[in-house]
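>>> return a 3D structure for these sequence lines:
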Amino acid sequence: MDSFTQIALGIATAELLAGKKLQNKTFLYGAILGTIPDLDIVVGKFMSDVDGVAIHRGLSHSLLFFAFLSPILGLVISKIEKDKINFKSASILAFWCLATHVFLDLFTSWGTQILWPLEYRFALKTIFVIDPLYTIPLIISLIFVWKNRDNFIRRKQLIRGLAISSSYLLLTCVLKLFAVYKFENALQNQNLAFQKLIVKTTAFNCILWNANVATSKGYYLADYSLFDSQPIIFTFYPKNKELEEKLVNSYDFQQLKKISEGWYLVSEQNHRIYFNDLRFGLLNDNPENPQFAFSYQMIPMSDGIYWAEEIPKANRDGKALLKKIFTRLKGN
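The predicted structure is shown next:
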């Protein structure tokens with residue numbers, strides 16, 4: 001999730017565990033602890049585009065790392081607040097502020113290695129990385145917490161905000177199950193055989209859902225809005241095996257395949273080869289000249305060796321994507 005939301009969740013967790021002991025200092029410690037896992041983004045700035053992405057939500061988002069780091073952070077906090085909180089309570093505070101960061105990340109589409117060093121990445125794909133409907137109730141409750149000194153009122157307001165936000169997360173899971181049912185039913189009705197199916201939400205909402213459908217020859221991509229009145233339409237994008245053959249010896253290509261969890265498409269435009277991550281949607285609906293939200297240009301360095309460079313996001317791309325989403329979620 002975005003840093004602002006993780007800060008809010010970190011503060012809420014710190015307040016829940018130590019509000020009576022630390023009062024408004026929970027805002028300081030919660031904000032710091034809630035953002036620590038995402039420091040891997042800073043580390044990634046000093047690495048290549050591919051390696052920087054590869055480490056994101058890896059070691060820094062694992063329970064093993066938190067178990068190691070929490071006593072250290074707990075010791076620091078207990079030393080600073082020696083008259084208010086002991087080492088054990090401070091360590092528990094640190095662990096849960098770190099852990100809730102990752103538990104929230106699990107609901108997004110970007111995989112999280114919570115069980116690192118195991119390579120498997122967990123992703124429920126029910127919310128976008130920025131979701132105001134989750135964040136706003138937390139922020140409102142924290143405003144009430146900040147303004148009140150009474151521990152009972154602070155805790156009551158906090159639990160109310162967490163209950164609303166958590167209920168929203170549960171709702172997105174239910175809506176995803178319904179969307180999966182609709183996609184599977186549409187595939188069956190249209191006699192489309194497939195190997196794998198992933199369904200994920202689109203930006204800033206839980207109304208419009210995307211489906212990636214893998215077949216032996218390519219991918220079917222489709223949208224479904226809860227307000228749709230017409231059948232789901234699947235658009236086919238063929239796999240370009242010939243282009244992939246050019247990249248098989250490239251380290252960056254092999255890394256990107258792992259990062260995308262196999263959901264990728266290699267394309268060529270103007271004699272340039274691109275690696276497209278399918279998990280985060282399209283910027284347009286043109287199967288002849290598709291533009292994906294996450295793409296890398298594969299730059300030839302030597303025979304069979306390609307360097308991957310992420311295509312920067314332009315403001316017009318974001319505006320076009322949002323316009324497409326909010327037009328589409330009204331229903332077909």
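>>> the residue nearest to residue 173 when sequence neighbours are not counted in helix, strand or coil?
Using C-beta to C-beta, 6 or more residues apart in numbering and skipping residues adjacent in sequence, the residue nearest residue 173 is residue 126, 5.3 Å away. Yep, even glycine has a C-beta here, placed from its N, CA and C like the rest. With DSSP: H, G, I helix; E, B strand; the rest coil as the basis, residue 126 sits in coil.
>>> thought residue 126 was touching residue 174?
No. Counting by C-beta atoms under 8 Å, residue 126 does not reach residue 174; the two are 9.1 Å apart.
>>> more neighbours: which of those two?
The neighbour count for residue 126 versus residue 174, taken as other C-beta atoms under 10 Å, is higher for residue 126 (26 against 11).
>>> and the more buried one, how far is that from residue 134?
The gap separating residue 126 from residue 134 is 10 Å, by C-beta to C-beta, to the nearest Å.
>>> now swap in residue 105 and tell me
For residue 105, the distance to residue 134 - C-beta to C-beta - is 12 Å.
>>> again with residue 171
10 Å.
>>> show me which of these two is the more surrounded one.
Using other C-beta under 10 Å, the more surrounded residue of residue 171 and residue 134 is residue 134, with 23 against 13.
>>> run through the helices of this protein in chain order.
Taking DSSP state H, the helices of the chain run over residues 3-22, 25-35, 40-44, 49-55, 63-80, 87-105, 132-147, 151-189, 241-247, 251-259, 315-328.
>>> contacting residues around the fourth one?
Helix 49-55 is contacted by residues 40-41, 43-47, 252, 255-256, 258-259, 296, 308-310 when judged by C-beta atoms under 8 Å, 6 or more residues apart in numbering.
>>> out of those residues, who's nearest residue 97?
residue 40 (16.6 Å; C-beta to C-beta).
>>> buried ones in the helix or strand bottoming out on mean pLDDT in the chain?
Lowest on mean pLDDT, DSSP states H and E among the helices and strands of the chain sits helix 315-328, with a mean of 74. In terms of neighbour count (16 or more other C-beta atoms under 10 Å), helix 315-328 has its buried residues at 321, 324-325, 328.
>>> how many neighbours does the residue lying closest to residue 70 once chain neighbours are set aside have?
Once flanking residues are discounted, residue 70 sits nearest to residue 95: 3.9 Å by C-beta to C-beta, 6+ apart. Close neighbours of residue 95, defined as other C-beta under 10 Å, add up to 21.
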